[in-house]
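Peer 1: after the sequence you'll find the predicted model.
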Amino acid sequence: MIPGKALKKSARPAEKKRFYRKRVNFFPLLNKIKLWPSRRGLLHGIQSIEIRGQTATIVTHCGKSFTVAESRNSRAARWLRNKWFAEACPQCNIPRWKLEKYAATYFRKRWGSQLKAPD
Ligand SMILES: [Zn+2]
């Protein structure tokens with residue numbers, strides 16, 4: 001045994017893959033991923049999300065605030081699932097681990113977490 005060898009692992013293991021259902025509800029997904037794909041192709045970090053029934057108020061780290069409706073088929077829901085964005089918002093300063101976690105997130109039709117809200 002070579003002393004110290006066990007410690008020479010890579011600093012961080014590769015991000016674990018996670019799977020969600022394609023038909024997962026939008027708000028629990030937003031609440032989990034905390035990222036918002038804007039219409040202009042910028043990926044924003046969500047600072048807070050306040051859910052009130054079928055609408056939610058989202059505040060991004062770059063200070064934008066808006067209200068969205070719960071819809072799995074909305075533009076943002078689709079873009080989020082498909083990871084359609086041109087670049088991460090420079091002002092939101094999304095940490096790398098969060099982007100890596102998102103990159104390791106997959107959406108499957110038949111299996112994966114359904115993110116049921118515990119109510
Ligand atoms: Zn932003």
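Peer 2: In hand now; what should we look at? Numbers count the residues shown, from 1 in each chain.

Peer 1: quick check: residue 77 is in a helix.
Peer 2: Yes: Residue 77: assigned to a helix according to DSSP: H, G, I helix; E, B strand; the rest coil.

Peer 1: name the nearest residue to it, ignoring sequence neighbours.
Peer 2: Closest residue to residue 77 apart from its sequence neighbours, by C-beta to C-beta, 6 or more residues apart in numbering: residue 26 at 4.7 Å. Placement of C-beta: from N, CA and C, glycine included.

Peer 1: now the strand ranked longest in the chain: buried residues?
Peer 2: The residue-count maximum for a strand in the chain (DSSP state E) belongs to strand 42-52. The neighbour-count check on strand 42-52 (16 or more other C-beta atoms under 10 Å) flags 42, 43, 44, 45, 46 as buried.

Peer 1: what is the nearest of those to residue 20?
Peer 2: Of all those, residue 20 sits closest to residue 46, with 16.5 Å by C-beta to C-beta.

Peer 1: can you pull the contacts of the spatially most central residue of the chain?
Peer 2: Nearest to the geometric centre of the chain sits residue 33, at 2.5 Å (C-alpha atoms, centre = their mean). Residue 33 is in contact with 80, 102, 105, counting by C-beta atoms under 8 Å, 6 or more residues apart in numbering.

Peer 1: one more time with 7 Å, if that's ok
Peer 2: Going by C-beta atoms under 7 Å, 6 or more residues apart in numbering, residue 33 touches 80, 102.

Peer 1: out of the buried residues of strand 42-52, which is nearest to residue 92?
Peer 2: Closest to residue 92, out of all of the buried residues of strand 42-52 and judged by C-beta to C-beta, is residue 45, at 4.0 Å.

Peer 1: residue 34 is in contact with that closest one, correct?
Peer 2: Yes: counting by C-beta atoms under 7 Å, residue 45 does reach residue 34; the two are 6.5 Å apart.

Peer 1: ok so, going back, and the residue nearest to residue 77, what are its phi and psi?
Peer 2: phi -70, psi -50 (degrees, to the nearest 10).

Peer 1: count the residues that sit near it.
Peer 2: 21 (other C-beta atoms under 10 Å).
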